[in-house]
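Peer 1: Take a look and give me a structure for this.
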Amino acid sequence: MRELKIWMNGRLVPPAEAVLPVNSAAVFYATNVFEGIRAYWNPADEELYGFRLKEHVTRLRESMKMMRFTVPYSDEDLHDAVREVLRGNELREDIHMHLVAYVVGVGLDATTPTGLYINPRRRARVAPDTGLRCCVSSWLRTADNAIPIRLKCGANYQNGRLATLQAKADGYDGPILINQRGTVAEGTGATFFMVRKGRLVTPPVTSDILESITRATLIEDLGPSVLGMDVVEREIARTELYVAEEAFFCGSGYEITPIVSIDRFPVGDGGVGPMTRRLLSAYLDVVRGVDKRHPEWRTPVYSAVAV
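Peer 2: This is a model prediction of the structure:
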């Protein structure tokens, strides 16, 4: 399988040339912010669509603002860079990429100079048919007034890394994190949803979670249009997990990934639930452009972009 080139500060380069100084804040203190973005190939349209690029760039700007640095590129530049790396690699397949802004300067308080790279990679779909066996982690989700998860920076993911390593050591596929108040936060890099008493429920954005773009897609459209119900945003108690009828993670990387057991309690009948299956199918149709609604969510890579 051929190696994919990386867009780094305006140039397409081989991975071996995409390097950072070892004493930079980006390397030493993980002073970076990033977005995980997917693009989907539609063979009927012969087009590759980047999904919700505008929203991803907006969230990247918000993360940079909280980290007190910026990059010398406009939003239009960033959209063009995403299209350039996909076209430059001649990609006609589903692809995941990281759009990463970072600080090259030295020191904990460095804010300049800065740079940006886009790293495309092939990423398989996560357990869509079998689902995940999860546990409630003993590691608590970090609080918004400590290391805010709303801020999508590399350093934040060490919290999830610790929880993931522990979950796998204990024989699970992954963790569900509880916040400092004792209610459900999210997974590691994924929003949590459950079906409880026939309603689709997810924690509110004040539960120490990332303001997920996939979550917004479900709330704004797929919940009402596919299931005929509004998504309920409320705090979720730990014990509710054990009596949920269905559960899943969602996110740009996870897409919609079923959860079939939690702390070895089966979720529902222990299989992938019908609402989860319907949402996954509808989500893949929207992102790929099979469902033609919401064209503003899809950025074509090879054809002209409407202004």
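Peer 1: domains for the chain, by residue range?
Peer 2: Taking automatic domain parsing as the criterion, the chain consists of the domains 6-122, 132-288.
Peer 1: can you give me the offset of the shortest one from its chain's centre?
Peer 2: I take that to be domain 6-122. What separates the centre of domain 6-122 from the centre of its chain is 14 Å, taken as CA atoms, centre = their mean, to the nearest Å.
Peer 1: Kindly report the same for stretch 249-269.
Peer 2: 15 Å.
Peer 1: Could I get the buried residue list for that stretch?
Peer 2: Residues of stretch 249-269 classed as buried by neighbour count (16 or more other CB atoms under 10 Å): 249-262, 267-268. Any C-beta I mention is one placed from the backbone N, CA and C, and that applies to glycine too.
Peer 1: Repeat that for stretch 23-30.
Peer 2: 24-27, 29.
Peer 1: Same question for stretch 277-296.
Peer 2: 277, 279-280, 282-284, 286-289, 291.
Peer 1: do you know how far residue 176 is from residue 168?
Peer 2: 14 Å (CB to CB, to the nearest Å).
Peer 1: Same drill for the two, tell me which one is more crowded.
Peer 2: residue 176 (28 against 13; other CB atoms under 10 Å).
Peer 1: What is the neighbour count of residue 158?
Peer 2: 12.
Peer 1: repeat for residue 147
Peer 2: 15.
Peer 1: In space, what's closest to it - neighbours in sequence excluded?
Peer 2: Excluding the flanking residues, the one nearest residue 147 by CB to CB, 6 or more residues apart in numbering is residue 156, at 5.7 Å.
Peer 1: Kindly report the same for residue 47.
Peer 2: Nearest non-adjacent residue to residue 47 (CB to CB, 6+ apart): residue 300, at 5.2 Å.
Peer 1: Could you do residue 201 as well?
Peer 2: That would be residue 232: by CB to CB, 6+ apart, it lies 4.6 Å from residue 201.
Peer 1: Count the residues that sit near the one you found.
Peer 2: Neighbours of residue 232 (other CB under 10 Å): 16.
Peer 1: re earlier: would TSV of the buried residues of stretch 277-296 with distance to residue 214, secondary structure and pLDDT be doable?
Peer 2: Converted to TSV, the buried residues of stretch 277-296 look like this (distance: CB to CB, whole Å; DSSP: H, G, I helix; E, B strand; the rest coil; pLDDT from 0 to 100):
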residue	distance to residue 214	secondary structure	pLDDT
277	17	helix	97
279	11	helix	98
280	11	helix	97
282	12	helix	98
283	8	helix	98
284	12	helix	97
286	11	helix	98
287	9	helix	98
288	14	helix	98
289	17	coil	98
291	15	coil	98
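Peer 1: Show me the two of the residues you listed that sit farthest apart.
Peer 2: 277 and 289 (20.7 Å; CB to CB).
Peer 1: ok, the residue nearest to residue 47 to residue 81 distance?
Peer 2: From residue 300 to residue 81 the distance is 15 Å (CB to CB).
Peer 1: That's all I had, so thanks and see you.
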